[in-house]
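Participant: okay, here's the prediction I keep looking at, along with the sequence it came from:
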Amino acid sequence: MLMPPLRLQTMSPPRTPLKSALRACAGSFGLVFAYSCSYNLLLLAPSIYLLQIYDRVLSSRSGDTLLMLTLIVAFTVVVGGVLDALRRAALGRMGEWLEEELHPAALSACLKCAHADRARASDAYRDLAVLRQFAQSGACSTLFDALWTPLFLGVLFLVHPLLGVIGVLSVLFLLGLGLAEDWFTEAPRARSAAAATRSQGWFGMAVGNLHVIRAMGMLDGTARLIRQTAQDARSEQEVVQRRHETIMLISKPARALAQVLIMGTAAWLVLEQSRSPGIIFATTLLFGRALAPVEGAVAGWKAFAMALAAYRRLNDVMSAVTTVANVSDLPERPKGNLIVNNVGVAVSGSDCWMLKDVSFSLAPGECLGIIGPSGSGKSTLGRIITGISVPTAGSVLLDGIDILALHDSRGGGRLGYLPQDIDLVGETVKDIIARLDDADLQKITEAAKLAGLHETIIRLPQAYDTVVNGAAANLPRGFRQRLGLARAFFGDPHLVVLDEPNSSLDSLGERMLFDAIERMKAANTTVIIITHRIGILGATNKLAIMQGGAISAFGESREIFERCLARPQVTAREPVS
């Protein structure tokens, strides 16, 4: 069971879900800090124990005193161990709670960011696990211990200023070595990681395009690229390892020398200033306790740096995602009025516009055909209308609701979309058509019949339960396109956007698509068809011609055909009784 965080009510409202979750954990972090305070105070017990043995037990030769001191210190050691276990458990529970609490928001933000920057979104999604692992690691608890190093050094100063000076100089020297290692290894470590990522990217590209690579004799060249980038990663990692070994060659003897100096100075104080011999062992223990958190922090510095970078990346992604008002109440069956209002899309980092001032409106049951030369922005407009991409300017409204708000309100199931590149998401045919929803089989078969795919599916080995996951890429393109059409038609959508829906269909398939569009229009579904093949445009009520990212002509289909094109003749099938 996850530990609920203690909430502080005095905090100001955070700007992102990540900051909100961390601020909600402020009380729990305070509890961990309290555990750390008690734990580190109890670490003084062994040093006090040694001093008491030399000052009281050896001088009085009292076995009862020795027994009582031993029992007291043993109890403090046990309590300290329990407190350490409690704070580690608390940090682990907080890490689990953070991941569970943030996962929906992080996943949503990363998916929205993936269209603009897929690598950035992938890194940000992994960063949530990095934060949890850091909270559960020893590096996190070591940071709390490092805050108590000044206390142990202060006790050394109380014993004698010379001991304190040696302790402070030793801590600063070892801390400097750790920071120097991070400084000298940061650049080659980053280059190694980048080269490893490139190598994995080349390998993934090779696997995804293996048929092209084999057919065109590119296998040796691809393997050479993968090997070269992997070798670059290994070379940079060797630089990191050599520099780490050099730092370790200095730090280990330096720590041992500092320990000798502390013991020697304590022994000198016993000889020259008649101090208790117990300070030799007590100061050695104190010095070890002062150094341990510093050494742990240096060793865990990489984990801390990775966690900090993960926090910044994830927070940036959550901040960058456009926030739209959530719609609480959606009508059971919206009408389907579509308004595209001055939509524009600018190329990032330039003044070039892929789309500019695109505006039109469609009534329920109307079908719009969008045509134009390649690169005119047709597919980009389709992605904006479906809410996949966010416009730089303007908005898309469906029944007066921003299309982005409709997605965030889980109204995306009311939209149908067929992209040019058809990715089949799901394990079985039923899962693909039903959009991973546990829907009634009758609704699935209705969508398949609309796409002219039902007869083909029932001839499969397990009909709608046939597993295609992993083999979807090897399916015939015409079958894949009809599966995509059935998925777009599923669920009685009130807006359907089809991008090149007939690119892989024969004449019979095109007539089936024509009939399906007519049936959707009769059901007051708004349909948008983006195509180069004008044969299907006979089903449209309106046409838009795009050139250079703008609409150069828009109007009734008959008017646009008479003015710009020759109207195609597509004959619908006779309805089946």
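Facilitator: That came in fine, so what should we check first? As the structure is a prediction and not an experimental result, all values here were calculated from the model.

Participant: need the helix or strand of the protein with the lowest average pLDDT.
Facilitator: helix 403-408 (a mean of 67; mean pLDDT, DSSP states H and E).

Participant: give me the residues contacting stretch 279-299.
Facilitator: If you take C-beta atoms under 8 Å, 6 or more residues apart in numbering as the criterion, stretch 279-299 is touched by 43-44, 46-48, 50-51, 138-139, 142-143, 145-146, 148-149, 152-153, 155-156, 159, 163, 167, 170-171, 174-175, 177-179, 181, 255, 258-259, 262-263, 266-267, 269-270, 304. Where you see a C-beta, it was placed from the backbone N, CA and C, and this is true even at glycine.

Participant: what's the first helix or strand after the least confident helix or strand of the chain?
Facilitator: strand 415-418 (DSSP states H and E).

Participant: so in that sheet, which strands flank that following strand, and in what orientation?
Facilitator: strand 495-499 (parallel) (DSSP bridges).

Participant: run the chain-centre distance for the partner strand.
Facilitator: 29 Å (C-alpha atoms, centre = their mean, to the nearest Å).

Participant: what stretches of the stretch 251-400 of the chain score poorly on pLDDT?
Facilitator: Low-confidence segments of the stretch 251-400 of the chain (pLDDT under 70): 276, 300, 320-336, 348-350.

Participant: strands of that one, residue ranges please.
Facilitator: Per DSSP state E, counting those that start in this stretch, the stretch 251-400 of the chain carries strands over the ranges 338-346, 353-362, 367-371, 393-398.

Participant: just name the most buried of the ones you listed.
Facilitator: strand 367-371 (a mean of 24; mean count of other C-beta atoms under 10 Å).

Participant: strand partners (parallel or antiparallel) of it?
Facilitator: Partners of strand 367-371 in its sheet, by DSSP bridges: strand 526-530 (parallel), strand 542-547 (parallel).

Participant: A helix includes residue 503, no?
Facilitator: No. Judged by DSSP: H, G, I helix; E, B strand; the rest coil, residue 503 forms no part of a helix; its state is coil.

Participant: that one - how many residues pack around it?
Facilitator: Burial measure for residue 503: 14 neighbouring residues, criterion other C-beta atoms under 10 Å.

Participant: ok so, going back, with mean pLDDT and mean neighbour count added, can I get the strands paired with strand 367-371 in CSV?
Facilitator: Listed next are the strands paired with strand 367-371 as CSV, based on pLDDT from 0 to 100; neighbours: other C-beta atoms under 10 Å:
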stretch, mean pLDDT, mean neighbour count
strand 526-530, 85, 25
strand 542-547, 84, 21
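
Participant: turn those into CSV, columns for distance to residue 445.
Facilitator: Output for the strands paired with strand 367-371, formatted as CSV (distance: least, C-beta to C-beta, whole Å):
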stretch, distance to residue 445
strand 526-530, 21
strand 542-547, 32
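
Participant: quick one: residue 465 and residue 429 touch, right?
Facilitator: Yes. Residue 465 is in contact with residue 429 according to C-beta atoms under 8 Å; the separation is 7.4 Å.

Participant: are any of the contacts of stretch 279-299 buried, and which?
Facilitator: Burial by neighbour count, judged by 16 or more other C-beta atoms under 10 Å, picks out 43-44, 46-48, 50-51, 139, 142-143, 145-146, 148-149, 152-153, 155-156, 159, 163, 167, 170-171, 174-175, 177-178, 181, 255, 258, 262, 266, 269, 304 from the contacts of stretch 279-299.

Participant: just the ones in helices from those residues, please.
Facilitator: 46-48, 50-51, 139, 142-143, 145-146, 149, 152-153, 155-156, 159, 163, 167, 170-171, 174-175, 177-178, 181, 255, 258, 262, 266, 269, 304 (DSSP state H).

Participant: give me the most central residue, this structure.
Facilitator: Nearest to the geometric centre of the chain sits residue 125, at 0.9 Å (C-alpha atoms, centre = their mean).

Participant: picking up where we left off before, quick one, which of the strands of the stretch 251-400 of the chain is nearest to residue 206?
Facilitator: Smallest distance to residue 206 across the strands of the stretch 251-400 of the chain (C-beta to C-beta): 30.7 Å, for strand 353-362.
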